[in-house]
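Trainee: got a predicted structure here, sequence first:
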Amino acid sequence: MHTATIDDSAHHDEHPYGLMRWVTTTNHKDIGTLYLWFSFVMFLAAGSMAMLIRMELFQPGLQLVQPELFNQLTTMHGLLMIFGAIMPAFVGFANWQVPLMIGAPDMAFPRLNNWSFWLLPVAATLLIASLFVPGGAVAGGWTLYPPLFIQGGIAYDMAILAMHILGLSSIMGAINIITTILNMRAPGMTMMKMPMFVWTWLITAYLLVAVMPVLACAITMLLTDRHFGTHFFDAAGGGDPVLFQHIFWFFGHPEVYIMILPAFGIISTIIPTFSRKPLFGYVSMVIAVASIAVLSFIVWAHHMFSTGMPLGGQLFFMYSTMLIAVPTGVKVFNWLATLWRGSISFETPMLFSLAVVCLFTLGGFSGLVLGLVPVDIQLQDTYYVVAHFHYVLFSGAAMSIMAGVYYWLPKWTGHMYDETVGKWHFWLTTIAFNVTFFPMHFLGLAGMPRRIPDYAMQFEGFNSIASVGAIVLGLSQLLFLYCVVKCIRGGAAAGDRPWDGADSLEWTLSSPPPYHSFAVPPQVR
Amino acid sequence: MSTHDHPAYYLPPPSRWPIVGSIALLTLATGFILYLAKSAAGPWVMLAGCLILVRMLFGWFGNVVQESTAGQFDGQVDRSFRWGMVWFIFSEVMFFAGFFGALFYIRNIAVPGLADADLIWPGYPGGWPTAGPGLKESFNPMPAWGIPALNTVILLSSGATVTWAHWGLLAGRRWQIKLGLVLTLLLGAIFLVLQAYEYIHAEFTIRTGVYGATFFMLTGFHGVHVTLGALMLAVILGRVFAGHFTPRQHFAFEAVSWYWHFVDVVWLMLFVFVYWL
């Protein structure tokens, strides 16, 4: 499909060494690595908070943390996982893979790329420092709802500014990715020849540019309501707290797809490789991703059915939500059809991908359940919702990230990872994940509310099971760390193309690839 | 295939400006938080952050200008800049769309809802403009057909003068670029002065319920964008005097004029939905 490229890596690849290499770098691979490590650190930090939450919930009563700290932990866990772990991990993949997969020498704006990354530690500093200020960290939930978010202390201002900086980083990163994809493709790489991963990131980046400014607008109004006397979310002045929810979820629902579309891209890359068949229904896949993106703008109010909206509004948002199941179903069907009669092998990336297909679909189904107005009003703010979004965010997004890391590690490091450790990591993660989150469906259906440190006696059994699962799930991630570090330090040589079903452009380069990926653009036929 | 078939895309060497920018924003944010916490150090830390930011912008854009005048950018780099600016302006459009969305929601849903809620706010008639049911404040809204209408004419003319300057650039008439830009800058400055006059003499404040909040938020952010646009125009004017830009290569000029037109269009929306209707 693709011809090999001429390797011209001597082209101006001098750079400083040590810390300054990473601080001043304009190289897409260095920046991708920074993003991925940053994301992993945040994953461990936010994961530790989750383990603390689960330990508290192991049995009824207050054991380890007081309610104030519990609320701070749930809020910070959400914010750090979403904005610190999942999103930066996908941007890390985009940095590493998009130029490699479209045959470009680097990203379109290498310096801006550096800034997009180095804003993240600034925001993380503000967020994590807010744990230690008077009054403690933000405790109003990651959705930042007023009036709670208007009443809090200085940590709330720190969180708002951190979100502004994260938004700035995301917008600049997204503009860079869109420009790279639109303008830096190798000759012959037409839009409809781009690997699926690149397509999903093009559309994700579009969503980012469209909705991150809307989040900025919502939190700016929070800030002025807090300090400058505006009444956007105060009924006495003619405002409405529900207005915040509308604006937030206009950002928040596309944000959900921002966190899952690149995951779809990774899965759509890995499944064909290990089935040794081309992706089934490429064109329908592209159309499905695009329709999911378009639909994501008209479903936001399904997050707020219980705020009391007119019947017509409820029906509209319910049906538009149901509609999203159609393109998503197309994608799942195409993955299964790719597997059909494939010559399948079960290396760690493939195991993770297959688990994602099964478990994400389960999360999609519980999402459909929640999209039904009468059911949603029953289940609003219960553990059913917690189960649902962990099935899409952990077994959808996070496990796709793990799949992608195992899949591309040989290309990035030049070494094969340890397959045995990888498989242990996979099985422990998948089993512990289900032990943790599957019982939460039952808890939610039985009426256990989310965001509480204590609960009624009858919920104890499932909570204990979930807590045990969470501890195992958290600790198994240390295996992941071990496996990645071991692979970076050495291992069997990977060769240019360790997976025999892989056919995109990055496999035509050496492992690890030269400093400037494609100094001369490859010719794609 | 040799390297000469495809002139290499310009890849900048490692740069220290992005990390300087990050330090600037961290300083600025810290200062702002201190200011909000009523610490006397706040404004000074903010000032330090701003100075670092300005230094970074001069350094970073200085690098880009040097690279451009050294002829290191080919057509592909130029296209990247164009895409980048287009999507940046799109993100700005979405930012204002959020505030306009809030305005429409407040006028069409929130306020009528409060007027209907007779048990909670008895006797609140709703309608627009309003300071809300709980503030008991009487105020005079900003009339559309005074300064705002004049400002509309001024800003629209400035869009025309910047285009006229662009025609001069394309035709190689340097005097026309300079005159066009100076006129644009003058009109922008007059707009800002009139806007400041309007703010000072407004018979309500940002605390005047949702009317004051939406008015000052929307026109305020627009004013900030006009100020930024004017600063960028001033930089472009300086570069014209320094002999930069050719009829073939002048994307910085175009980017700023796109931005200026965007600010124009936002003003038209403001005039219709904030002042007039």
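Mentor: Alright, I've got the coordinates. Numbers count the residues shown, from 1 in each chain, chains lettered A, B, ... in the order given.
Trainee: now name the helix or strand holding residue 46.
Mentor: With no chain named, the answer covers chain A. helix A:28-56 (DSSP states H and E).
Trainee: looking at chain B here, not the other one
Mentor: Element membership for B:Met46 (DSSP H and E) is helix B:42-69.
Trainee: average pLDDT for stretch B:147-154?
Mentor: Averaged across stretch B:147-154, the pLDDT comes to 96.
Trainee: and what of stretch B:57-77?
Mentor: Rounded mean pLDDT across stretch B:57-77 is 93.
Trainee: break chain B down into its domains, please.
Mentor: B:1-72, B:74-276 (automatic domain parsing).
Trainee: now A:Leu428, nearest residue through space, not along the chain?
Mentor: Closest residue to A:Leu428 apart from its sequence neighbours, by C-beta to C-beta, 6 or more residues apart in numbering or on different chains: A:Ser476 at 3.8 Å. Quick note: C-beta positions are derived from backbone N, CA and C, even for glycine.
Trainee: quick check: closest non-adjacent residue to residue 90.
Mentor: By default, I'm working from chain A. Excluding the flanking residues, the one nearest A:Phe90 by C-beta to C-beta, 6+ apart is A:Pro262, at 4.1 Å.
Trainee: wait, chain B was what I had in mind.
Mentor: Using C-beta to C-beta, 6+ apart, the nearest residue to B:Phe90 is A:Val209, at 5.8 Å.
Trainee: which residue ranges of the stretch 51-200 of chain B form strands?
Mentor: Counting by DSSP state E, counting those that start in this stretch, one finds no strands in the stretch 51-200 of chain B.
Trainee: buried sites along the helix holding B:Met46?
Mentor: B:Gly42, B:Val45, B:Met46, B:Ala48, B:Gly49, B:Ile52, B:Leu53, B:Met56, B:Leu57, B:Trp60, B:Val64, B:Ser68 (16 or more other C-beta atoms under 10 Å in any protein chain shown).
Trainee: contacts only, for the second one.
Mentor: Taking C-beta atoms under 8 Å, 6 or more residues apart in numbering or on different chains as the contact definition, B:Val45 lies against B:Thr27, B:Leu28, B:Thr30, B:Gly31, B:Leu34.
Trainee: my guess is the third one contacts B:Gly49. True?
Mentor: Yes: using C-beta atoms under 8 Å, B:Thr30 makes contact with B:Gly49 at a distance of 7.5 Å.
Trainee: what residues does whichever residue of the stretch 201-350 of chain A sits closest to chain B make contact with?
Mentor: With C-beta to the nearest C-beta, the shortest gap between the stretch 201-350 of chain A and chain B falls at A:Ala236, namely 2.7 Å. By C-beta under 8 Å, 6+ apart, A:Ala236 lies in contact with B:Gly132, B:Pro133, B:Gly134, B:Leu135.
Trainee: of the residues you listed, closest to A:Phe352?
Mentor: B:Gly132 (52.9 Å; C-beta to C-beta).
Trainee: which ones are touching the closest one?
Mentor: Contacts of B:Gly132 by C-beta under 8 Å, 6+ apart are A:His231, A:Asp234, A:Ala235, A:Ala236, A:Gly237, A:Gly238, A:Gly239, B:Val111, B:Leu114, B:Gly209, B:Val210.
Trainee: any idea which element residue 216 lies in?
Mentor: If you meant another chain, say so; for now it's chain A. A:Ala216 belongs to helix A:196-227, assigned by DSSP H and E.
Trainee: to clarify, I was referring to chain B.
Mentor: Using DSSP H and E, B:Phe216 sits within helix B:209-241.
Trainee: so what pLDDT did A:Val326 get?
Mentor: What the model reports for A:Val326 is a pLDDT of 96.
Trainee: same question for the helix or strand hosting it: list its buried residues.
Mentor: Assigned by DSSP H and E, A:Val326 belongs to helix A:311-339. Buried residues in helix A:311-339, counted by 16+ other C-beta under 10 Å: A:314, A:316-318, A:320-321, A:323-325, A:327-328, A:330-332, A:334-335, A:338-339.
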